[in-house]
Every structure is written in C-alpha cells, then in structure tokens.
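Undergrad: Can you look at this prediction? I've put the sequence above it.
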Amino acid sequence: MTKASTDLDNPWKDVIELYFEDFMQFFFPKIHELIDWNQPCEFLDKELQKVVRDATMKKRLVDKLVKVWLKEDNTAQLLYIHIEIQGQKDENFAQRVFIYYYRLYDRYGPNVISLAILGDTQSDWRPKRYRYSLAGFEISCTFPIIKLLDYKKKWKSLEKSTNPFSIVVRTHLKALETRDSNQKRLYWKKKLFKALYEANYSEQEILELFRFLDWVMALPEELEKRFNDFSAQHEEEKGMPYVTSIERFGIQKGILEQARKSVVDALRIRFKRVPQSLVKMLQSIEDAKLLSDLLKQAILADSIKTFKQGLENK
C-alpha cells in the first residue's frame, strides 16, 4: 500500500497569512498583546526574497515576514516579525535563523524579531539559540520556538478551543502520526472534518480550514473517494454543503484544465510549434463545450493560422 503523502510546510504559509492575528494569539500571546490590531498587517514575502538570497544556504526563503504596528505605549512603532516554519530536523537551522535575522536587521533596523514553529517528529530537537565565538569574539542569538509535538499532551484543550490554529495543530499532528497508514489517516480526516462543523466556524472559515486539512492529509484516490462520500453525507445531515460545493468547483476546474491541455497537445502533434499567444487564448476559455469543439478543429485544421482564425471568430 502506498504511504500517505504529506506536504506540511507550504499549507502553513497559507493559513498563517489567512489567520495571522489568531496565529499570534495562539502561539505567542505576549507578542500579540504588543500589536495594534486596528492597524493593517503587511506581508513582505516578495521583498524578502532579495534580502535573504544566498547561494550557500539550502533554503533561500524565509517563510513569512510581516510588518505590524505596535500599540502607542511602546517605544517602537513598527515591528517586523520573521516566522520560520520547519518541518524536518536541520542541524543548520539556528544558524539560518541568525543569518536571516541579521540580513533583515541590516535592511529594517533593530525592530526585527525571529520566531520558529517546529513541526518535525524529533521530540528532543529544539534549536532556539545560535552561538559563535572565536579569538575573544562572541555572538549569541536566542529566538522563541514552538514545538508542535508538545500539543499532543494538550489535546483536550485543543478540542475546546475555537482558535483556528487549534484545528490546524490537530491536523498537523495527525498528519505526522498517520504517514504510514492510509486507513488511520482516513479515520482522522473524517474526525477532524466533523470537528470543523462542531466548532461553530463561519462558512468561510470552514472552507479555508478544510483546504489546510485536505492538503495536509492527502489520501490515495480510492480512500479520497470514500472521504468525499462521507463529507457529502455529513454536510447533507448538517444542512451545510460548504465543502461539497468547493469539491464540485475543483472537479469542474480539473475538467477544464484537462480539456485545454488536450487542445494544445493536439496542435503540437499536428504542427509541432504552438505560439504562446494562442496557448494563452486557450487557457482563458471557461466553456467545456467550446473546448471540445476546438479539440476536433485542432485535429482537422490544415494550419495553425486556420485554427487561430476559427478561434477568433467564436
């Protein structure tokens, strides 16, 4: 049986941006209290790429950099929060945090802090300090860390919490726990899906948190079908068909993407080279029936020019 696949780092980046205030309140409540949440937060991920680019580092991008405003009673007005999400043990992790920190410090000044979420399976791996000394010179950098494995002992309190990250953490832990068992993963995916509805989240929150759940707890096709049947039945009983509608949208989107690809492939088989401008035109089509007709034309057309003229006349 194929092991359940798990992508943990990327889903975290998305959910942090969606629920940043909840993230800070859940994991770093003392820092949360310093921030003026009436002011907008700004995510600086794109700008960050230039700041931390380094050919000697395996991982070149900081996961998140967020600019926030502090409350008026603080000396500083702005704070830059650098967040690292680490899903695997890495002996150079503390050094990397330090390197990114001083590069951010060099660009933004002293109001930069680094935080780390450790989502690995090694309970004794807890890097929170980087130290270096040579010939009387010494430097030390200590940063707050959150070890997600620690929440296994807090499961009951997670079940009672309405913070979105209570379900995010439970999903993460069960994704790790079920890596070698698709059947166990199916069981926990169902259980966590039900928990979304029991926590009184809004429709939008359920959809967004389900995307995290669905991404992190991926299943083989056969078991995914069983989960989809379960979720549809559960939503029908609850009278809240939120996720089912999203699944239908996803299926339709997949059909359109495949139809577009089939047209382009047919043109490449017939004429070898397909202009990028024509590919873009095809990618913008949202009508499955039209794409079906275009596939027939791609097979029968005597030239790319003839096909394109026919498309422009549609």
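TA: Alright, I've got the coordinates.
Undergrad: Going by C-alpha atoms from here, please, whenever you check contacts or count neighbours.
TA: Fine.
Undergrad: Can you pull out the low-pLDDT segments for the protein?
TA: Low-confidence segments of the chain (pLDDT under 70): 1-9, 52-62, 74-76, 240-255, 288, 314.
Undergrad: Run a quick neighbour tally on the residue lying closest to Tyr197 once chain neighbours are set aside.
TA: The spatial neighbour of Tyr197 that comes closest, neighbours along the chain excluded (C-alpha to C-alpha, 6 or more residues apart in numbering), is Ile206 at 7.4 Å. Using other C-alpha atoms under 10 Å as the criterion, Ile206 is surrounded by 20 other residues.
Undergrad: phi, psi of Lys13?
TA: Phi and psi for Lys13, reported as degrees, to the nearest 10, are phi -60, psi -40.
Undergrad: ok, now which ones touch the residue nearest to it when sequence neighbours are not counted?
TA: For Lys13, the nearest residue in space outside its immediate sequence neighbours is Asp63; the separation is 6.6 Å by C-alpha to C-alpha, 6+ apart. Listed by C-alpha atoms under 8 Å, 6 or more residues apart in numbering, the contact set of Asp63 reads Lys13, Asp45, His82, Ile83, Glu84, Ile85.
Undergrad: so which helix or strand takes in the residue nearest to Tyr197?
TA: Ile206 belongs to helix 203-216 when elements are defined using DSSP states H and E.
Undergrad: counting contacts, what elements does the following helix or strand past that helix pack onto?
TA: Beyond helix 203-216 on the C-terminal side, the first helix or strand identified by DSSP H and E is helix 221-238. Helices and strands in packing contact with helix 221-238 are listed as helix 182-198, helix 242-271; criterion 3 or more C-alpha pairs under 8 Å, 6 or more residues apart in numbering; DSSP states H and E.
Undergrad: Any buried residues in helix 221-238, and which?
TA: Along helix 221-238, these residues count as buried under the neighbour rule (16 or more other C-alpha atoms under 10 Å): Glu224, Phe227, Ser231, Ala232, His234, Glu235.
Undergrad: Looking at these, which one is closest to Gln309?
TA: Within the set of these, Glu224 lies nearest Gln309; the separation is 42.5 Å, counting by C-alpha to C-alpha.
Undergrad: Quick one: neighbours of the closest residue to Trp125 other than its chain neighbours, just the number.
TA: If the residues on either side of it in the chain are set aside, Trp125 comes closest to Lys89, at 7.0 Å by C-alpha to C-alpha, 6+ apart. If you count neighbours by other C-alpha under 10 Å, Lys89 ends up with 15.
Undergrad: Repeat that for Glu257.
TA: Counted with other C-alpha under 10 Å, the neighbours of Glu257 add up to 16.
Undergrad: swap in Leu290?
TA: As a burial measure, Leu290 scores 13 neighbours (other C-alpha under 10 Å).
Undergrad: Would you indicate which residues of the one helix or strand it maps to are buried?
TA: Under the criterion DSSP H and E, the helix or strand holding Leu290 is helix 288-300. Along helix 288-300, these residues count as buried under the neighbour rule (16+ other C-alpha under 10 Å): Ala288, Leu291, Ser292, Leu294, Leu295, Gln297, Ala298.
Undergrad: Ile117: what's it in contact with?
TA: Residues in contact with Ile117 (C-alpha under 8 Å, 6+ apart) are Ile83, Glu84, Ile85, Gln86, Ile145, Ile146, Lys147, Leu148.
Undergrad: Try it again at 6 Å.
TA: Ile85, Ile145, Ile146 (C-alpha atoms under 6 Å, 6 or more residues apart in numbering).
Undergrad: Return the member of these nearest to Phe307.
TA: Lowest distance from Phe307 to the contacts of Ile117 (C-alpha to C-alpha) belongs to Ile85, with 48.5 Å.
Undergrad: OK, contacts around the closest one?
TA: Taking C-alpha under 6 Å, 6+ apart, we find Ile85 in contact with Ile117.
Undergrad: quick one: it is in a strand?
TA: Yes - with the criterion set as DSSP: H, G, I helix; E, B strand; the rest coil, the secondary structure at Ile85 is a strand.
Undergrad: Distance of Arg273 relative to Gln233?
TA: Shown here: Arg273 relative to Gln233, a distance of 48 Å by C-alpha to C-alpha, to the nearest Å.
Undergrad: related to what we said a few turns ago, specify the angle between the helix holding Ile206 and helix 182-198 in degrees.
TA: For helix 203-216 and helix 182-198, the angle between their directions (axes from the mean of the first three to the mean of the last three C-alpha atoms, to 10 degrees) works out to 170 degrees.
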